[in-house]
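> Just a sequence and a predicted model for now, questions to come.
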Amino acid sequence: MSTLPTTLISDAMPPEPSTPSLFDELKRTLRSVPILTAVLALLLIVIVALIAQWLGTSDPIAINPGNRLKSASIDHWMGTDAFGRDIYSRVLYGARVSLIAGLGAAAVSISVGLVIGVLAGYFRGFDAIIMRVMDGLMAIPGILLAIALVSLSGASLFTVLIAITIPEIPRVVRLVRSVILSVRNEPYVEAAISLGTPVPVILWRHLVPNTVAPLIVQGTYIFASAIITEAILSFLGVGLPAEIPSWGNIMAEGRMYFQMRPGLILYPGILLSLTVLSVNVLGDAMRDALDPRMARKL
Amino acid sequence: MNIESSKSYAATNEVVLSVDSLTVRATGRTAQQVLNNVSFEIKAGETVCIVGESGSGKSVTSLSIMGLLPKGGLVPDGGSIHLDGENVLSASEERLRKLRATRMAMVFQEPMTALNPVEKVGEQIDEVLSLHTDLSRRARRSRVLAMLEAVHLPDVTRIYDSFPHQLSGGQRQRIVIAMALILKPKLLIADEPTTALDVTTQKQILLLIRELQQQHGTAVMFITHDFGVVAEIADRIVVMNRGRVVEGGSREKILARPYENYTRMLVSTVPSLIPKQRTLPTGDIVLQTSKLHKTYGKKKVFGRGVSVSAAQDVNLTLRRGEVVGVVGESGSGKSTVARCVMRLIDPTSGSIWVDGADVAGASRAELKSFRQRVQIVFQDPYRSLNPRLRVGDSIIEGLLNYGVSREEARPQAAALLEMVGLPADVMQRYPHQFSGGQRQRICIARALAMKPDILVADEAVSALDVSVQAQVLDLLEDIRSKTGIAVLFITHDLRVAAQICDTIVVMQNGRVVESGTAEMVLASPQHQYTQTLIDAAPGRGWDFQNFRAA
């Protein structure tokens, strides 16, 4: 039985560092088979999109009327569409459009949403106004907004990106605002105020870092939903111009020939589902790794 | 107050609970031993206090007895727990459920979280009865009402239909106790049941537990860190440290003739209620508030809205080198005053004079020089430091704000750390690598970095274990004598106030009801509320430093 006043000693000497780092947490998460599969699948799609021109593809918008609706062959691995374009090339180049749409929407909505959310969360004066505007934005159906924008300014990747991004912003704003609201009254923030720390520094050093983990997770969900929205818009004919290869466009054109050439819908469809599924699995994994409390609760 | 053990229900020799060389370890790779060879027993009608500091294993012991150890976290690894002759460790899940209501019950620290917020409290007690008895609906209701009366709740039919948030903290704890005791269990485990309550409420709850225990001959296992409470209620005491039983014995033996050094240290660090003899500081006045008011208003879109006066007409004077204690129960407005003085919130009216200027209405820019003069240390050491910053960066944050370069600031931070008793090389570490007491030292170092004239300590030692508390109090005393800093010390704990304060201001419902030197206020209180407070302070009948009854 110890007779020493042990607490006296332990209080004077800092204990050894012990908690696992974020990196360890990520490393452990990656050991799970489904997550590893998702990461590899996504990586493969990204690489394929990047080096599409060296993968035996031809010009994805070159029309060849003599070669319409051919089945798979040595020249055309997935056959050709109604204009004689090579499906294989169009699907591969289509991955670029999808990934750009996803990444762009996630990056833009998170940066804009972060700024607005921090303003709403920290400066109470702005809060009511900003949040009512956000409520208004949330009331606009995304597809309708896209149709309106496209008919106003013409179909282009940029227009589609804006149409996908705007409805996502209010969600990010709400997330950031709730995080800021819960942290702004922490004693360490009040201590920083007492130390005369200027407001921008308080925001940057003490508040914003708390939003990083939830934002990364939210980002993956936006990424996935943006890919789907882009495909839906293109499929409906209000997205990208028809000749640009995008998975939505390919499927839209293939719709009429589904019984004859099911590959027109199947190949882009499978890739689309695979991409979205991988991103979502990855998002869940990130949430578990970045916020272990939440993972245990679910 | 004296809840003596003159029992109507004589403590028989019937052993209700017997814990025999209980060992609990963590699952997983480390397999760390959390409890090591813990043995003690509790007889019917007896109160056994388990005392220990945080991490001593006292809560794990109670969870093991209840069979509530976190699954996949902790497992019993040896020994036995016999409740009424039955081994709890080998009982099935189903049997445990039965035992938990009828033979043993538990009361937790926080009554709000122990109750379901969306169910009427009467129905929550009724649920216990309907699960474990076959009484009719009407019989159950009358039994619940009788129990509510037994715990001395007023207007029991109204209380029956109340939701937890409509009751006060003390009333909620009475409900929890009613729920625990309605099936007349043989063993009641109370895990810090009064820690979240004010002293006057605490006294009532302790009396209530004693009264019910005497009526039913319940064995009570009372877990606490507060030796004041122990001195009031314990028949026997078990002292725990780091998962082991250090020492056990009767109350008189442990408090008067502790055998182990650890116990001696614990008992003797309980601060005395008798203030130290001090010469009052006569230095310059560094802070003065006059007619300070703070009203919290709820603006409503429609209607007039509600406003609450949190502080009214508060006049304080703080001299160089003086420690002024502001004491009061929760809701007395003591923290509001501290936050107004810090200008973390804006006072509604009144003035705050610091260094010849009124800062009550100062703008953000005007506050810049004021911020350097007044610093604060908060209650919760786990939330007072940004977990993402190295402690060195936290300490020099203020210096950088006032134009000191990083190269100049770092040696200063090292010197400050040494001053608060930490080695300088810890600057590279993160807050989670420190214990609560160490973090509080870091917070003090951060506050001192600004070389302030005034330090506001808002319950700065309330979250700390008693031995660590004593060290932090010593540190503050030391800093005061070295630097001549003035301290505004906010606390609910009269013992702590008696130890460190020169002057004491007593607050109730937002008003100052009494103020004067510590000796005057504590030894010959004038206001009735002050008398009530002192009267309710647990353990007044014991002189801990000298190991004898006072």
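Now that the structure is in, tell me what you want to look at.

> The residue in chain B sticking out farthest from the centre and B:A231: what is the separation?
What lies farthest from the middle of chain B is B:S136; by C-alpha atoms, centre = their mean that is 41.5 Å. Distance of B:S136 to B:A231, computed by C-beta to C-beta, to the nearest Å: 45 Å. The way it works is simple: take the backbone N, C-alpha and C, and place the C-beta from them, glycine included.

> Also B:H225?
13 Å.

> With neighbour numbers in mind, choose between those two.
A direct count of neighbours by other C-beta atoms under 10 Å in any protein chain shown for B:H225 and B:A231 places B:A231 higher, at 26 against 18.

> Correct me if wrong: the more buried one contacts B:G539.
Yes - if you go by C-beta atoms under 8 Å, B:A231 and B:G539 touch, sitting 3.9 Å apart.

> Do a quick rundown of the strands in the stretch 451-550 of chain B.
With DSSP state E, counting those that start in this stretch as the criterion, the stretch 451-550 of chain B has strands at B:454-458, B:486-491, B:503-508, B:511-517, B:542-543, B:548-549.

> So the residue in the stretch 201-350 of chain B positioned nearest to chain A: helix, strand or coil?
The minimum distance from the stretch 201-350 of chain B to chain A, using C-beta to the nearest C-beta, falls at B:M265 (4.1 Å). Under the three-state scheme (DSSP: H, G, I helix; E, B strand; the rest coil), B:M265 adopts helix.

> roughly how far apart are it and A:L236?
B:M265 is 77 Å from A:L236, by C-beta to C-beta.

> Over to A:I129?
34 Å.

> Which one's more surrounded, the two?
Just comparing A:I129 and A:L236: by other C-beta under 10 Å the higher neighbour count belongs to A:L236, 14 against 11.

> Now do the same for residue 206: its pLDDT.
Since no chain was named, I'll use chain A. As predicted, A:H206 sits at a pLDDT of 92.

> You answered for a different chain; I wanted chain B.
On pLDDT, B:L206 comes in at 92.

> for the lengthiest helix in chain A, packing partners?
Scanning chain A for the helix with the most residues, using DSSP state H, yields helix A:87-122. Judged by 3 or more C-beta pairs under 8 Å, 6 or more residues apart in numbering or on different chains; DSSP states H and E, helix A:87-122 is in contact with helix A:33-50, helix A:124-138, helix A:157-183, helix A:209-236, helix A:247-254, helix A:263-290.

> tell me the most buried of the ones you listed?
helix A:247-254 (a mean of 24; mean count of other C-beta atoms under 10 Å in any protein chain shown).

> From the chain's centroid, how far away is that one?
22 Å (C-alpha atoms, centre = their mean, to the nearest Å).

> I would like the residues contacting that helix, please.
A:81-82, A:87, A:90-91, A:94-95, A:97-98, A:230-237, A:239-240, A:242, A:261, A:263-265, A:267-269, A:271-272 (C-beta atoms under 8 Å, 6 or more residues apart in numbering or on different chains).

> Also stretch B:515-530?
B:273-275, B:277-278, B:280, B:325, B:494, B:497-498, B:501-506, B:508, B:513-514, B:531, B:534.

> Please identify the buried residues of it?
Of all the residues in stretch B:515-530, those buried under the rule 16 or more other C-beta atoms under 10 Å in any protein chain shown are B:515-516, B:518-519, B:521-522, B:525, B:529-530.

> swap in stretch B:364-371?
Buried, per 16+ other C-beta under 10 Å, within stretch B:364-371: B:367, B:370-371.

> ok, now stretch B:218-226?
Counting neighbours by 16+ other C-beta under 10 Å, one finds that the buried residues in stretch B:218-226 are B:218-226.

> Is there proximity between it and chain A?
No - taking C-beta under 8 Å from any C-beta of the partner chain as the criterion, stretch B:218-226 and chain A are apart, separated by no less than 11.9 Å.

> Show me what the strand or helix carrying B:G398 is packed up against.
Element membership for B:G398, per DSSP states H and E: helix B:391-401. Judged by 3+ C-beta pairs under 8 Å, 6+ apart, helix B:391-401 is in contact with helix B:406-419, helix B:436-448.

> Quick check: which ranges of the chain have low pLDDT?
Chain wasn't specified; assuming chain A. Chain A contains residues with pLDDT under 70 at A:1-30, A:291-298.

> sorry, should have said chain B
Counting by pLDDT under 70, chain B shows low-confidence ranges at B:1-12, B:29-30, B:298-305.

> for B:D543, what are its contacts?
Neighbour list for B:D543: B:272, B:549-550 [criterion: C-beta under 8 Å, 6+ apart].

> circling back to that earlier point, now the helices and strands packed on helix A:87-122 in JSON lines, with distance to A:P65?
Below are those laid out as JSON lines (distance: least, C-beta to C-beta, whole Å):
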{"stretch": "helix A:33-50", "distance to A:P65": "28"}
{"stretch": "helix A:124-138", "distance to A:P65": "45"}
{"stretch": "helix A:157-183", "distance to A:P65": "27"}
{"stretch": "helix A:209-236", "distance to A:P65": "23"}
{"stretch": "helix A:247-254", "distance to A:P65": "15"}
{"stretch": "helix A:263-290", "distance to A:P65": "17"}
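
> Now B:K98. Nearest residue, chain neighbours left out?
B:H132 (7.4 Å; C-beta to C-beta, 6 or more residues apart in numbering or on different chains).

> pretty sure the one you found contacts B:R103?
No - applying C-beta under 8 Å, one finds B:H132 not in contact with B:R103, separated by 10.8 Å.

> Looking at the two, which is more packed in?
A side-by-side neighbour count of B:H132 and B:R103, using other C-beta under 10 Å, places B:R103 first with 18 against 15.

> Please look at the more buried one and B:K186 and confirm they touch.
Yes - look at B:R103 against B:K186 with C-beta under 8 Å: they come within range, at 5.4 Å.

> Quick test: name the residue nearest the centre of the chain.
I'll assume chain A. A:F223 (1.7 Å).

> hm, I was asking about chain B
B:T195 (4.7 Å).

> Give me the three-state assignment for the nearest residue to that one once chain neighbours are set aside.
Leaving out its chain neighbours, the residue that sits closest to B:T195 by C-beta to C-beta, 6+ apart is B:Q109, at 5.3 Å. Applying three-state DSSP to B:Q109 yields a three-state assignment of coil.

> For B:Q109, give me its contacts.
B:191-193, B:195-196.
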